[in-house]
Each structure stands twice: as C-alpha cells, then as structure tokens.
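next input, structure requested:
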Amino acid sequence: MSALPTELQMIPMDHIEVLNPRDRNNRIFEVIVGNIKALGLKKPVTVTPRPGPEGDVRYILICGEGRLKAFKALGETQIPALVVNVNDEDAFIMSLAENIARRQRKPLELLSGIQALRDKGYDKRDIAAKTGLSITYVGGILILLRKGEERLLMAVERGRMPLAAALDIVGAGNEDKAVQEALQGAYESGKLRGKQLLHARKVIENRQSLGRTLERRGPRKRSDVTTSSLVRTYQKEVERQRLIIRKAEFAQQKLMFFVGALRQLLEDEHFTTLLRAEGLDHLPKYLADRVWAVGQPG
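Residues are numbered from 1 along each chain as shown. Just a heads-up that it's a prediction; the model follows:
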C-alpha cells in the first residue's frame with residue numbers, strides 16, 4: 001500500500017465509529033488524559049470516511065482510540081483527524097500495523113495482529129513490511145503460531161526467551177531428551193543466559209505437563225474420580241518424579257566433573273602459585289569440602 005493523500009480536519013467525535021474497541025489500563029489512560037490536558041494533542045487521530053445512514057459523512061477510526069477517548073473525557077466535541085480515503089481492507093491493515101508498531105504494545109496484541117495478517121493471506125515479507133518488524137522475527141513467530149506453541153510465544157514476547165531458542169526447542173520435537181538437549185545447546189551457544197535459562201526451563205516443564213496451549217479461563221467442569229483417572233494421575237506424577245531425578249543426576253554429573261577438574265588444577269603447583277599471586281588462594285568452605293572430600297592435599 002503506497003503513501004496515501006491525507007487531509008487534516010476537525011471531526012465531530014460523535015461521527016467517529018470505533019470498530020474494534022480495546023480495554024485499557026486506567027492508570028495509563030489517566031496519564032494520556034493529563035498529557036493532552038497540559039500539552040494539547042500532539043498527534044491527530046486517523047480516520048477514513050464512509051457514507052452515513054442519512055446521507056451525511058461518518059468516519060471509521062483507524063488509529064488513535066486512546067486519544068479519542070481522552071478528548072471525550074476532557075469534554076471536547078471535536079478532534080483533529082487525518083482523513084484518508086481507503087477501503088475496508090486497507091483500513092484494517094493500517095489499524096493492525098499501528099497497533100503492532102506501538103511502543104508499549106501488549107504481547108497478545110502483537111501476536112493476534114500478526115496472526116490476523118497471516119489469516120488475511122499475507123506472507124512474512126508482507127507482514128514485516130507493513131509492521132516494521134524484521135522478516136526473521138515474523139517468520140519465527142509464524143512458525144510458532146502454526147504449531148500452536150502458545151507458551152513459547154508468550155515467553156518470547158515477554159522477553160523471557162529469545163525467539164531463536166524457542167525455535168530450537170520446537171525443532172527438537174516431542175521427545176523429552178531431545179528437548180533437554182536443545183535447551184542445553186541453546187545455553188552453550190549463548191542464546192540463553194542467566195534468568196532466561198531459568199524461565200525457559202519453567203516454560204518447558206509447563207509445556208510438557210500442561211500442553212503447548214495456555215489454559216482457558218472460565219468455569220471448569222468437575223469430573224468424577226474413577227480408578228482409571230487415579231491411575232493416570234499416579235502415572236503422570238511418577239513420570240514427573242522420574243524427570244526430576246534425571247535432571248538431578250545430570251546436575252550431579254556436571255558437578256562431579258567440575259570438582260574433579262578443579263582438584264586437578266589445585267594439585268598443579270604453578271596454578272596454585274598463580275592463585276596466591278592474585279590473592280585467590282582460599283576456596284569457599286562449601287566448595288573446599290567437595291574438592292578435598294577424599295583428603296587434604298599433601
């Protein structure tokens with residue numbers, strides 16, 4: 001969609017229709033109202049005209065719902081608006097692109113926007129061009145959407161997991177061992193660091209135990225407790241405990257390797273001399289107890 005001719009007009013606010021109203025954070029809305037009251041409207045809203053039921057002109061809001069509501073809250077009856085002549089399809093795309101490009105967008109808004117554009121038949125290049133997102137990012141999000149990976153999607157959008165790491169996990173398939181190896185590979189390659197690794201482990205555990213999709217809110221139906229359901233619950237808990245044991249054994253092996261390597265280094269006279277020169281000749285007690293558990297060095 002090329003650049004469109006626009007015209008700045010004062011539009012009666014009761015002539016503007018909001019097709020897809022969104023819920024807003026009251027605190028943020030009050031900030032918007034306060035800013036407009038103190039400084040005025042810095043950026044006009046964008047609308048497109050449509051014929052009204054009585055032969056008059058009505059307008060569909062493309063972007064600026066928060067500004068429109070703030071103007072109404074301040075008792076204004078008209079608002080500055082950029083008027084563009086576009087069809088319904090282009091109006092929809094412009095609205096989505098504006099919402100996706102907002103600085104403080106919500107994760108679900110971004111994902112639903114990309115998904116809506118995909119459902120409209122746009123490929124990753126078109127979506128990237130319309131939203132200002134990179135082709136790589138859009139392509140990765142589309143893969144996660146196609147596979148129904150809602151938990152991974154939310155982790156990516158909240159900054160708790162890099163997109164590249166999420167794609168590695170998806171590519172590993174459904175086997176727990178392969179997923180754990182993908183997680184380990186993401187850590188070793190630098191894709192996951194610090195708190196992100198902890199968040200990623202939590203997401204994977206929830207993904208394995210609760211499924212790839214997020215829980216749906218709403219009343220849950222009570223199910224009768226049967227022998228078979230109790231057996232399934234028991235088996236699920238046993239499998240969870242086995243997974244914990246495997247993780248503990250893996251951590252123990254890593255720790256033993258580290259302790260053995262450190263013990264060999266500390267038995268090297270040149271290495272210990274270097275440590276003393278740097279003032280690092282004392283180990284923390286809990287580490288020293290493990291390194292010299294088989295006896296103090298001679």
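
from here on, just use CA atoms for contacts and neighbour counts.
Will do.

which helix runs longest in the protein?
The helix spanning the most residues in the chain, taking DSSP state H as the definition, is helix 227-266.

after it comes which helix or strand?
Next along the chain after helix 227-266, taking DSSP states H and E as the criterion, comes helix 269-277.

separation between the most centrally placed residue in the chain and residue 151?
What sits nearest the mean C-alpha location of the chain, by Cα atoms, centre = their mean, is residue 157, with 1.4 Å. Using Cα to Cα, to the nearest Å, residue 157 is found at 10 Å from residue 151.

where in the stretch 51-200 of the chain is pLDDT low?
Judged by pLDDT under 70, the stretch 51-200 of the chain has its weakly predicted residues at 97-110, 112, 131-132.

could you pull out the helices for it?
Secondary structure of the stretch 51-200 of the chain, counting by DSSP state H, counting those that start in this stretch: helices at 65-73, 88-101, 107-119, 124-131, 135-146, 150-157, 163-171, 176-188, 195-210.

follow-up on the earlier one: and the longest helix of the chain with helix 195-210, angle?
150 degrees (axes from the mean of the first three to the mean of the last three Cα atoms, to 10 degrees).

give the buried residues for helix 227-266.
Residues 259, 263, 266 are the ones in helix 227-266 that count as buried (16 or more other Cα atoms under 10 Å).

in CSV: those, plus pLDDT.
Listed next are the buried residues of helix 227-266 as CSV, based on pLDDT from 0 to 100:
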residue, pLDDT
259, 78
263, 80
266, 80
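
reformat those as CSV; add distance to residue 161.
Output for these, formatted as CSV (distance: Cα to Cα, whole Å):
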residue, distance to residue 161
259, 30
263, 35
266, 37
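
pretty sure residue 279 sits in a strand.
No: Residue 279 sits outside any strand when classified using DSSP: H, G, I helix; E, B strand; the rest coil, being coil.

neighbours of it, just the number please.
Residue 279 has 9 neighbours, counted by other Cα atoms under 10 Å.

run the chain-centre distance for stretch 133-140.
14 Å (Cα atoms, centre = their mean, to the nearest Å).

what residues of that stretch count as buried?
In stretch 133-140, counting by 16+ other Cα under 10 Å, buried: 133, 135, 138, 139, 140.

the second one and residue 128, how far apart?
The reference is to residue 135. 5 Å.

same check, this time on residue 240
Here residue 240 is placed at a distance of 41 Å from residue 128 (Cα to Cα).

same check on residue 262?
Counting by Cα to Cα, the gap from residue 262 to residue 128 is 50 Å.

with adjacent residues omitted, what lies nearest to residue 49?
On the basis of Cα to Cα, 6 or more residues apart in numbering, the spatially nearest residue to residue 49 that is not a chain neighbour turns out to be residue 59, at 4.4 Å.

deepest of the helices of the stretch 51-200 of the chain, which one?
Stretch with highest mean neighbour count among the helices of the stretch 51-200 of the chain: helix 150-157 (a mean of 21; mean count of other Cα atoms under 10 Å).
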